[in-house]
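Novice: got a sequence here, can you model it:
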Amino acid sequence: SAAEGRRLYIGNLAYATTEGELKDFFKSYLVESVSIPKNPRTERPVGYAFVDLSTPSEAERAIAELSGKEILERKVSVQLARKPEPAGEKTEGANGEGSGAE
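Specialist: As a prediction, the model looks like this:
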């Protein structure tokens with residue numbers, strides 16, 4: 001995806017954390033976007049967020065410098081976001097079927 005290598009997963013967030021607080025937390029980095037997912041049923045935050053930085057090296061620097069720091073008195077974990085694997089697409093094409101291989 002476009003954000004590969006520069007999208008960060010911020011875990012252990014306090015539910016009260018706002019996008020503004022996250023932007024402030026990352027103020028010494030080039031932040032492109034901040035998103036705090038909500039549970040669609042309850043509209044409550046899920047306790048983690050994603051932050052896209054401008055480059056993979058910015059993301060690495062943020063992981064090194066910010067992981068274990070506190071937002072709203074909670075130590076947060078900062079790590080690279082893993083790519084979501086679409087269900088059922090992992091095995092397809094791995095054995096050459098349907099990929100045009102003779």
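Novice: what does the helix ranked longest in the chain contact?
Specialist: Longest helix of the chain, by residue count under DSSP state H: helix 56-66. Helix 56-66 has contacts (Cβ atoms under 8 Å, 6 or more residues apart in numbering) with 5-8, 25-26, 29-30, 51, 53, 76, 78-80. C-beta coordinates here come from the backbone N, C-alpha and C atoms, glycine included.
Novice: restricted to helices, list the residues you listed.
Specialist: residue 25.
Novice: any of the contacts of helix 56-66 buried? List them.
Specialist: Buried residues within the contacts of helix 56-66, counting neighbours by 16 or more other Cβ atoms under 10 Å: 6-8, 25-26, 29, 51, 53, 76, 78, 80.
Novice: let me have these in CSV, adding distance to residue 65 and pLDDT as columns.
Specialist: Shown next, in CSV, are the buried ones among the contacts of helix 56-66 (distance: Cβ to Cβ, whole Å; pLDDT from 0 to 100):
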residue, distance to residue 65, pLDDT
6, 15, 96
7, 17, 97
8, 12, 98
25, 11, 98
26, 10, 98
29, 9, 97
51, 13, 98
53, 12, 98
76, 12, 98
78, 9, 98
80, 14, 97
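Novice: pull the most distant pair out of the residues you listed.
Specialist: 6 and 76 (17.9 Å; Cβ to Cβ).
Novice: in stretch 8-25, what's buried?
Specialist: 8, 10, 13, 17, 21-22, 25.
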